[in-house]
Structures are given as structure tokens and as C-alpha cells.
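1. could you work out the structure for the sequence below:
(2 chains)
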There are 2 protein chains.
Amino acid sequence: MTPSQHTPDERRPIGALLAPDILALLEEAPAQIAAETEEMHPADLADVAEALPFEQVPVFLAVLPKERAADVLEYLDEELRAEVLEAMTAQQAAALVTEMNPDERADVLEDLDAERAEEIVEEMPAEARRETEELRRFDPDSAGGLMTTEYVSVAANTSVEEALRRVRVIARSEKREAMHAVYTTDDTGKLAGVLSLRELLAAPEGATLADVAWTEPITVSPNADREEVARVISNYDLVVVPVVSESGHLMGVITVDDVIDAIQEEQTEDVQKLGGVQALDEPYMQIGLGTMMRKRAGWLSVLLFGEMLTTQVMQHFEHDLTAVTALAIFIPLVVSSGGNSGSQATSLITRAMALREIALSDWWRVARRELPAGIVLGTILGLIGMLRIAAWQAMGWYDYSSPTHSWEQVALTVGCSLVGIVAFGSLTGSMLPFLLRRAGFDPASASAPLVATLVDVTGLSIYFGVAWLILLR
Amino acid sequence: MTPSQHTPDERRPIGALLAPDILALLEEAPAQIAAETEEMHPADLADVAEALPFEQVPVFLAVLPKERAADVLEYLDEELRAEVLEAMTAQQAAALVTEMNPDERADVLEDLDAERAEEIVEEMPAEARRETEELRRFDPDSAGGLMTTEYVSVAANTSVEEALRRVRVIARSEKREAMHAVYTTDDTGKLAGVLSLRELLAAPEGATLADVAWTEPITVSPNADREEVARVISNYDLVVVPVVSESGHLMGVITVDDVIDAIQEEQTEDVQKLGGVQALDEPYMQIGLGTMMRKRAGWLSVLLFGEMLTTQVMQHFEHDLTAVTALAIFIPLVVSSGGNSGSQATSLITRAMALREIALSDWWRVARRELPAGIVLGTILGLIGMLRIAAWQAMGWYDYSSPTHSWEQVALTVGCSLVGIVAFGSLTGSMLPFLLRRAGFDPASASAPLVATLVDVTGLSIYFGVAWLILLR
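-> Predicted coordinates:
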């Protein structure tokens, strides 16, 4: 079937396009499917499977060679994959899952209910079962959970030609996902060095691996979280990173494709948190309405309780509100500007923290930037606000003066409050991620709505405070 | 120097740690530096360079072998790199830059001012100059701008053994960044197939590449933007993707490390936009205060003008505000809840759009999810709000009744407005990204503050509308 050239903004329609052909073949000539789809990427075949009626998916997988079917399973939508594996017998499922890479195997089983996963593992051959059980001990979001145990390692004193021969034997006999690099070990079995496949090919004949391997490989510990693994891989432009135990032994390797998925997921979580939602952990269109409600209602309710403090402040100044109506009129304007500047600051700082551009100890340097920044921004907004009031007054569109105060006093109150509130908003928005992180929370929980709520309450107090100084005394 | 094991949350202190040693060596025995740092990753050496006094950086680079210095330059902070290249003679700079990969070369020159870049290009050897000038014609954020022209391609009818021999010759003679795959071409020079280095090693002796290569390679067009390239690489778990012209000829390849950087940058932009900031394009701690002001003041002013509409609404209902003070008291509470639910919706939808989970045509499906979601969320908040009022009233902490209305009417007004405003907020927050995209803007510009401002204005109208029905008639 046809090669695919990807152009900007095109969605992948391959599944929907080819599904009818595959359905027809399943009916008429299922034996041809393997040959017809031989050159297609398994990701595209997974797309096709997703477009088939559910009961045809296991049939489709069954007509593919087993290793190929396992590849397709790897790219299948997680929910569909779990359902397909539930629909098969444990033996059938085990036969497919065994063909997957060990790290994917562990991930797939993670998505099934524990009992079913156990049944499938028990049907696996002993070697695969051992590998799988070992990987399932790790947190799926840690380096141990991301790594695969398929890698090539040879003693450091092996000759280049012998290593190359071994690599060719392994490449022919097994599927080694991570064969971008060859690792060398010392006499005690500890990781000694690394060289890429290209470097192995480039090595002069007659040399040993010890002569040509890099002796200070970049490694991660099995407990490193996926963000840290992503940072190491991206800092050092690696395709694969070895996971090394405290004793210095190679436990597995993590390939860059798993890390890209991890980066995307982390970023999705961060964006959702910034918007004031608990991380959904599922695509928006697939998540159940009930689950989504729970992930949103919690924060909304917390924020509502926070906002109730504004009611307290308003009640406290009720008398002044009745006395000076002009004061009430500008409340939404003044207060929301603080939330906006706070939301800017918090998005800048949480992102810089996620990228490790800013450490916890930088809080003072950040505060020294944000306070003057906030004052300047507040002054700009304050001037605009005062001009707005002066314009309305001059045009005769509205009269902000009253027997007890002049319109200039109102304008000055709005202007000065904006300076104070915007400066306070920038400071709050920038310091909240530090406070959260210091307290052991995820700094990304410093959401725009949370900052806005904090600044609403304090902003109102600033506003009435300034009004008291200028207008109400 | 010592190998580095990366543990969670550790910042890379290598530069600061080793800089004093390197400084001492530069003084006493500069010739030893190359050997001492031989096994270090160039990213770590770049860290060291960043920790040195500026005038020592060119000296440090000069004592390293030229190819090694070029590697360090590749990982150096962009600003520092530009300054270092400005400080050298054009000849010295050209000698270093020539040693870099062609794609990095183009990126480095992009950061210099045009005249200086031209001087350096002119000092390059003809072949490097041609490669560099070709790549510089592309938008740096497009596939053409990301690709490197170093790749290995051979005719499809080459034998496996011959191809392997050629690969070894090339690997020994040149630095081929992208040597993860070998591409095959047909008689007319068009891209015919691809196989990974592992597959080449695994291929049976006596076969030709045409027998073993994949004949439907996944490719991108040179005009694809970096987001699209990232999506292709991550969908298909690729390490490298070929860039192919409309005529089917291989133009270059893009490696996964460049794509990870692109994903991170895109993501930073999206988070900053979501927070209501123009994309900074520079690390937070490095950007000048003036530039940052400009990137923030623009949106803040636009939002302020938006919020001025709230003033109009408030002025319109001034009479009612004076008559029923209880009404004014709940304004911040009620209005901000709409902004919060809108901010949730907009963060969910913009992210799902960035991940291509949602297309423009899905707007109706999204609206049908968000409206009921908003009504349920609004009802939850409305009930909490009414309970709050009832509690204060029952405890005697505040009296919301007046000669003209009962406290129950106030509670009902707050409760019903919350349902309407939260539902409206969810709908606005979810539809704004679609509208922006439809109008040709980046949907990520649907920032939390923008949604909050839109919802503030309409939310006030809803509030006064509900109040009019329940309280004011």
C-alpha cells in the first residue's frame, strides 16, 4: 500500500482509508493480508486496527505474523489494546505479549486488571516471565519502569571484529530494540564503557573495545523519574541511555522514543495543571464525563472557597461601597488585572522550573526581577486606567464625582491600586511555584486560576486600602 | 575526570565544579587539557566553558582538537556562542564552524548578525560553504531548517556486504551525525527504501539492499513545520526521518535530538501563551527586563481594555448596586468562577489540539461535552455558594436580607448565576481555541487571562440578568 509523505497539519487518515480494504480481505482472502501490509509501518497498521469493528481486531491480529502483530499491539490505543487482550484467551494473549519488547510488555500488563495480567504472565515462557516480572517491580514512571532489558554488552577486552560478529549474530537472531549502542563491561561485570554502532563500525581492525569505547558513559539510576531521564537524554543528545544500579551494573537501557512519549505526557500534565485541572491522564475525547467532572470539580470548589474570602472583604467595606458607588464600578477591572499579571508570572516561572532553568535557590533573584517588572507593568496599566476615567468624565459620558469626592480622586484610586495590585500579582504568581516546591508539591500546581484567586482577595484589600487613603478618610 | 550518574532533581554542577581546574591548567599546562577532558561529553565541556571567564572561552576552545571544539560549540549557550564567534577572527570562527554538522552550522550563523555570518561563510572551504548556504535558505523552524545533509545513501542494487564496507569507510573518514540508517535510491536517484544500521548488520550475506530494505519509508517534506516533524518522529518511534523533495529525492535527514529541542521550545511557547505572555524565545533568567516588559505589557493592556467593558456593565447597573448592596458583595466570587472554569476548558482544549487529538471539525463534539459539563460543575458550585449564604445567615454573621428582598432571593441569585456563568465559561473556554484556529491564529493564544476577561464581561451581564429576574423586578 502507498508510502506516506507527511505534510503540515494533515491528520493521519491511513486507518480510516485502508480499513474497508482490510475488512474485505479479512472476508475474502485473509491469507493475503500479511503480504499486502508487509511494508507498512506498525503504527499505521495500528491505525487500521483502530478503524476496524472491535470484533475484527483479534481476527486481524491473528492473520499477521506473530512478531508483526506484537508490533501493532505496541502502537494500539491503550484502552483498545486492553480490551483486545481481555477478549482473547490467556494463551493467545501471552503468545502475543511475549513477542513484544520487555518494557512494552510491562506497560501493556499495567493497563490490564491485576488478575488478568497474572494469568497472561503465567502463560509466558520462563525467560520472558522472569524479564517481565523484574520490570513490573518498578514504578512505570521511573527509569526502571521505562527501561528495556534488551541490550548488547560485551567484555571490554573483546576485539572489534569479534564484537561486530557477535552484534551480527544477535541482530539476526533476536529483536534488539535498543541496538544503537554496544556496552562494555569490566572483569567484575560492571559497566565500563559505551560505543555507538557507528563507532563500532568505524573502529580500526585489530583494536579491542577497551581501546575505542567511551569510558565515562552518561547513565541514570533506576529510580530517576522520567523527567530526569528526559533531561539527560535531551541534554546529551542521546538515542539511548543505560540504567545502572548503585553497584555499577548495567540493568537495562532506555530509548529516546519512550522518553519523547514521557515528555509529551509531562507537558500535558503541566498545561492541565496550569489551567487548574487535575492531570486527566487520558485523551480529552476519550475520558468519561464523570472522571472529567471529578478532575475539574475539585479545584473549582477549592477556588470557590478561596473566592469566598472576597465576600468577607466586600462585606467589611459594605458601608464604603454604598457611600461611594464609583468604587464598586471598578472592582472587576482592578482586581482582574492582578490575576492577569499573576498568571503571566506563574506560567513563566513554572515553565522555567520544569526546564531546570531556575532552581529553588533562585527565588530571591526572581523576586528581584518580578517586583520591579510588576511595578512598571502596573504603572502602565494605572496610567491607561486613569486616562479612561478622565476621558469618560471629559466626554460627559459618566460622572465619577459626588458631593463627597472629586472624579480625580476616583481616578487616582484606580491608578494607584493598579500599580499595587499588578506588582503584588507578579510577585505572588512568581513566588507561589517556589513555595509549592519548597513544601514538596509540584510547582506546576500553581495554576493561573489559583494565582488569580489569591490575588483577587489581596487585590480587593489593596484597592480598599488605597481608596481609604485617597477617598474615604 | 569522573563519570556522572544522574539522580533525580540534581542540577548539572559539572561546569562550576571543573572550571577552576581547567582555569589552572590553562595557566600552567594548556597542552594537557585535551587529554584530561578526552572522555568527557561535549555537553559537559560546554558547561565548563560557560563557567569560565568570558575571555578564557576562546583560549579553552583553541587548546582542544578542532573537531572537539566544534562539538563543544554545538552545546554552548546560544548567546555566549555568538559572543565567542564575534570575538574571534573570521578565519578562526570559520575553521571551527566548518567542523560542525551542517544543520548546526546553519543554526549558529542564524544567531549572528548577517554581516558577520557572511564573513564567516566566505572563509569556509567551498564544499562546506555550499552545504551551509543551501540549508540557510530554509526557515529554521521547518524540516528544511532542521535537517542535516550528512547521511548515507547507496543504490538499491548494492549488495549487503558492499554496503557494509561503504558504511565502514564513511564512518571512518567523516563524522556522519545521522548514521542510524542507510537509505537506498533507485536508478533515477529517488529515495527507494531505508534500513537501520542494525538491519544492515542482520541482513543475510549475498542479499542486495533491495531485498532487505523497507520500501515505504516514512518521510517529511522540507516545508513541514517542526511540530509536524516532531509528530511524525514520535508517532513512528523514529530516530531519524528523511526529508524528501516533491520529486522524491532525498534532501537530508532530521535526527531525533533536534526534534526533542523543538518539542521543548514549542511547549514553552504554548505554556507562556496560556499564561497570557507573548513567547519569550529566551530563557527567563537571561531575557532583558525591557524585552520581557514588552512581551507582557501588550497582552496586559489588551486585557485591561477588555476588562473596561465590565466598568460599562457596572455603570449600567449602578442604580441596582446602590439599591441592593448584597449584590455587589458577591460580584468577585461569581465572576471569577466563570473565569476559572473557562481557564480549565481552554487548557484542556489547546493541549488536545497541540497533540492533534482534536481537529477543527470536532468543535461540535467538544461543545456537546463542555456545555453539560459546565452545567454540572456550575450546579455544584451554585449549591456550595447557596449553602455558604444560608450558613452565614443562620449563624447571624451577616444579614443578606433588606426591606425590599429576602436572603433566600440573594442566595438563589448567586446559585443560579453560578450555574449560568460556569456553563458559559466552559463553553467560551473550549470554543475560543477553535475560533482562533479557524481565523488563522495559534489556538494556544486562547490564554487563561483572555478567557477570564471574556467571561468577566459576559458573566456580569448574566449575574445582573439573573438578579433582575429574581430580585430586582
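2. just the element for residue A:73, please.
-> Assigned by DSSP states H and E, residue A:73 belongs to helix A:66-75.
3. actually, residue A:393.
-> With DSSP H and E as criterion, residue A:393 is part of helix A:363-395.
4. for that helix, packing partners?
-> helix A:331-354, helix A:407-438, helix B:289-316 (3 or more C-beta pairs under 8 Å, 6 or more residues apart in numbering or on different chains; DSSP states H and E). Quick note: C-beta positions are derived from backbone N, CA and C, even for glycine.
5. by mean pLDDT, show me the worst of those.
-> With a mean of 87, helix B:289-316 has the lowest mean pLDDT of the helices and strands packed on helix A:363-395.
6. is chain A within reach of the helix or strand following that one?
-> Downstream of helix B:289-316, the first helix or strand assigned by DSSP H and E is helix B:318-323. Yes. Using C-beta under 8 Å from any C-beta of the partner chain, we find that helix B:318-323 touches chain A at B:318, B:321, B:322.
7. and helix B:318-323, average pLDDT?
-> The model assigns helix B:318-323 a mean pLDDT of 81.
8. cool, stretch A:81-100 as well?
-> 89.
9. so how far is that stretch off the chain centroid?
-> Offset of stretch A:81-100 from its chain centre (C-alpha atoms, centre = their mean, to the nearest Å): 28 Å.
10. stretch A:397-408 now?
-> Here stretch A:397-408 is found 52 Å from its chain centre; the criterion is C-alpha atoms, centre = their mean.
11. how far does it stretch from start to finish?
-> Start-to-end span of stretch A:397-408 (C-alpha to C-alpha, to the nearest Å) is 15 Å.
12. can you give me the buried ones in that stretch?
-> Using 16 or more other C-beta atoms under 10 Å in any protein chain shown as the test for burial, stretch A:397-408 gives A:398, A:400, A:405, A:407.
13. can you tell which of the helices and strands packed on helix A:363-395 is closest to residue A:369?
-> The closest of the helices and strands packed on helix A:363-395 to residue A:369 is helix B:289-316. By C-beta to C-beta, the value is 6.8 Å.
14. which positions in stretch A:85-93 come out as buried?
-> Judged by neighbour count using 16+ other C-beta under 10 Å, the buried positions of stretch A:85-93 are A:85, A:88, A:90, A:92, A:93.
15. what's the most buried one of the helices and strands packed on helix A:363-395?
-> Highest mean neighbour count of the helices and strands packed on helix A:363-395: helix A:331-354, a mean of 30 (counted as mean count of other C-beta atoms under 10 Å in any protein chain shown).
16. what residues are up against residue A:110?
-> Residue A:110 makes contact with A:117, A:136, A:140, according to C-beta atoms under 8 Å, 6 or more residues apart in numbering or on different chains.
17. do that again at 6 Å, thanks
-> Counting by C-beta atoms under 6 Å, 6 or more residues apart in numbering or on different chains, residue A:110 touches residue A:140.
18. just among the residues of helix B:318-323 next to chain A, which is most surrounded?
-> Highest neighbour count within the residues of helix B:318-323 next to chain A: residue B:321, with 21 neighbours (other C-beta atoms under 10 Å in any protein chain shown).
19. list the residues that contact it.
-> A:328, B:328.
20. so how far is chain B from the nearest residue to residue A:282 once chain neighbours are set aside?
-> Spatial nearest neighbour of residue A:282, excluding adjacent residues (C-beta to C-beta, 6 or more residues apart in numbering or on different chains): residue A:291 at 7.5 Å. Residue A:291 sits 11 Å away from chain B, going by C-beta to the nearest C-beta, to the nearest Å.
21. one step back: now do the helix holding residue A:393 and helix A:331-354, the angle between them.
-> Computed by axes from the mean of the first three to the mean of the last three C-alpha atoms, to 10 degrees, the angle separating helix A:363-395 from helix A:331-354 equals 150 degrees.
22. what residues sit buried inside helix A:363-395?
-> For helix A:363-395, by 16+ other C-beta under 10 Å, it's A:363, A:366, A:369-370, A:373-382, A:384-386, A:388-389, A:392-393.
23. closest one to residue A:425 out of the buried residues of stretch A:397-408, please.
-> Among the buried residues of stretch A:397-408, residue A:400 lies closest to residue A:425 (C-beta to C-beta), at 24.5 Å.
24. so that closest one touches residue A:408, yeah?
-> No. The pair residue A:400 / residue A:408 is not scored as a contact, 8.8 Å apart, by C-beta atoms under 6 Å.
25. after the strand or helix carrying residue A:117, next one along is what?
-> Take DSSP H and E as the rule and residue A:117 turns out to sit in helix A:114-122. Using DSSP H and E, the helix or strand that follows helix A:114-122 towards the C-terminus is helix A:126-136.
26. buried ones in that following helix, by neighbour count?
-> Within helix A:126-136, the residues scored as buried using 16+ other C-beta under 10 Å are A:128, A:129, A:131, A:132, A:135, A:136.
27. outside of it, which residues touch it?
-> Contacts with helix A:126-136, where a contact means C-beta under 6 Å, 6+ apart, come from A:98, A:102, A:105, A:106, A:121, A:149.
28. residue A:283 reaches residue B:357, doesn't it?
-> Yes. If you go by C-beta under 6 Å, residue A:283 and residue B:357 touch, sitting 4.7 Å apart.
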